[in-house]
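Visitor: what follows is a predicted protein model with its sequence.
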Amino acid sequence: MDDTQFEALLSAAYAEPSARNPSPQMVAEIMARAGRRRRSRHLVLAMATLAGCVIVAAAIVATGMAGLVSHALADLGPEPTIINPSVCVGVGFFLILLAAARNEIREF
Amino acid sequence: MASTQTHWPSALTDLELARLSGRGDREASEELVRRAAGVVGDLLRRMGAGDALADDITQDAMVTALGAITGFRGEAAFATWAMRIAGRLYLKRRRKEARYELMAEPVDPETSGPSEEVSSALRLDLNRALAKLSPPERLCVSLCHGAGLTHDEIAADLSLPLGTVKSHVTRGLKKLRTLMIGSDSDG
């Protein structure tokens, strides 16, 4: 008998039907636990589906609300205009020139 | 149809029972449990589990197997599939102790194992032969050839070097061969 044959014999020995049959209590306990697990899995699946639906519904409602709010704001009056930043830059540049001129006059 | 009902469900194959079980058939599930629970319990005892732990893990393994029954493809018997699940559960439950056992100094093959004179007339059954092995050898051989786990899987589950697992399996097999068929050489 070579190694392969012996290992096959060994695996077969491990898989041989057991002399100990599971007790009816054990089978009943396993079935009860499997049933509980199946029910809890279904419950979790249902809860997850419900949560998904709620999120989608909330997103749809939020989108609608945002549209309504933006329309309401548009009706309030003209859009505020943005101040042209080049004016600020020009004023700043002028003030820097004044400060530089003052320094030059002081040193002169 | 009547004859099918007469033999139901013991006449069905594991795969047929698994399909019915997947659809929620309680009788089919019970038949699968009856077919596999004993073998799974035997495997766990052979790996070194006490009766209480073996029963406990058998229940866990059967519940896990029934929960994943739609993944059963029938490539091997349902019991073989459940044994693999049980092997992994056992490793998970006894991870620390098993790792400690396997990391212990290797037992000298010359001074351990079968202590009595082994003759060709001596035929020990698997349980008695396994009882002669050291705990790490018994565990590794049973996980490998009983639960069907690969060396890599055992080493990964226990975070052990692959060589350690392989050497326990090799030594265990050599001793089992001597004990069961009376010779550790070919022929």
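Guide: Alright, I've got the coordinates. Residues are numbered from 1 along each chain as shown, chains lettered A, B, ... in the order given.
Visitor: how far away from the center of its chain is the strand or helix carrying A:S86?
Guide: According to DSSP states H and E, A:S86 maps onto helix A:85-107. With C-alpha atoms, centre = their mean, to the nearest Å as the basis, helix A:85-107 stands 52 Å off its chain's centre.
Visitor: next: stretch A:57-70.
Guide: Here stretch A:57-70 shows a centroid-to-chain-centroid distance of 20 Å under the convention C-alpha atoms, centre = their mean.
Visitor: just the CA trace of that stretch, in PDB.
Guide: What follows is the C-alpha trace of stretch A:57-70 in PDB, where atoms were taken according to Å, rounded to 0.1, in the frame of the first residue of the first chain:
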ATOM      1  CA  ALA A  57     -37.400  58.600   0.100                       C
ATOM      2  CA  ALA A  58     -35.500  61.100   2.300                       C
ATOM      3  CA  ALA A  59     -33.200  61.900  -0.600                       C
ATOM      4  CA  ILE A  60     -36.200  62.500  -3.000                       C
ATOM      5  CA  VAL A  61     -37.900  64.700  -0.400                       C
ATOM      6  CA  ALA A  62     -34.800  66.700   0.300                       C
ATOM      7  CA  THR A  63     -34.200  67.300  -3.400                       C
ATOM      8  CA  GLY A  64     -37.800  68.500  -3.800                       C
ATOM      9  CA  MET A  65     -37.500  70.800  -0.700                       C
ATOM     10  CA  ALA A  66     -34.200  72.200  -2.000                       C
ATOM     11  CA  GLY A  67     -36.000  73.100  -5.300                       C
ATOM     12  CA  LEU A  68     -38.800  74.800  -3.400                       C
ATOM     13  CA  VAL A  69     -36.400  76.800  -1.200                       C
ATOM     14  CA  SER A  70     -34.300  77.900  -4.200                       C
END
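Visitor: which residues does the helix holding A:S86 contact?
Guide: The contact list for helix A:85-107, computed with C-beta atoms under 8 Å, 6 or more residues apart in numbering or on different chains, is empty. To be clear about C-beta, it is placed using only N, CA and C from the backbone, and glycine gets the same treatment.
Visitor: can I get it as PDB, trimmed to CA atoms?
Guide: Extracted in PDB, the C-alpha atoms of helix A:85-107 (Å, rounded to 0.1, in the frame of the first residue of the first chain):
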ATOM      1  CA  PRO A  85     -12.200  92.500  -6.500                       C
ATOM      2  CA  SER A  86     -10.100  94.600  -8.800                       C
ATOM      3  CA  VAL A  87     -11.300  97.700  -7.000                       C
ATOM      4  CA  CYS A  88      -9.900  96.400  -3.700                       C
ATOM      5  CA  VAL A  89      -6.600  95.500  -5.400                       C
ATOM      6  CA  GLY A  90      -6.400  99.000  -6.900                       C
ATOM      7  CA  VAL A  91      -7.000 100.800  -3.500                       C
ATOM      8  CA  GLY A  92      -4.400  98.500  -1.800                       C
ATOM      9  CA  PHE A  93      -1.900  99.300  -4.500                       C
ATOM     10  CA  PHE A  94      -2.500 103.000  -4.100                       C
ATOM     11  CA  LEU A  95      -2.100 102.800  -0.300                       C
ATOM     12  CA  ILE A  96       1.200 101.000  -0.800                       C
ATOM     13  CA  LEU A  97       2.400 103.700  -3.200                       C
ATOM     14  CA  LEU A  98       1.500 106.400  -0.600                       C
ATOM     15  CA  ALA A  99       3.400 104.600   2.200                       C
ATOM     16  CA  ALA A 100       6.500 104.200  -0.100                       C
ATOM     17  CA  ALA A 101       6.300 107.900  -1.100                       C
ATOM     18  CA  ARG A 102       6.000 108.900   2.600                       C
ATOM     19  CA  ASN A 103       9.100 106.900   3.500                       C
ATOM     20  CA  GLU A 104      11.100 108.400   0.600                       C
ATOM     21  CA  ILE A 105      10.100 111.900   1.700                       C
ATOM     22  CA  ARG A 106      11.000 111.200   5.300                       C
ATOM     23  CA  GLU A 107      14.500 109.900   4.300                       C
END
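Visitor: now do that helix, average pLDDT.
Guide: If you average the pLDDT over helix A:85-107, you get 86.
Visitor: please apply the same query to stretch B:132-147.
Guide: For stretch B:132-147, the per-residue pLDDT averages 89.
Visitor: mind listing what's buried in that stretch?
Guide: B:132-147 (16 or more other C-beta atoms under 10 Å in any protein chain shown).
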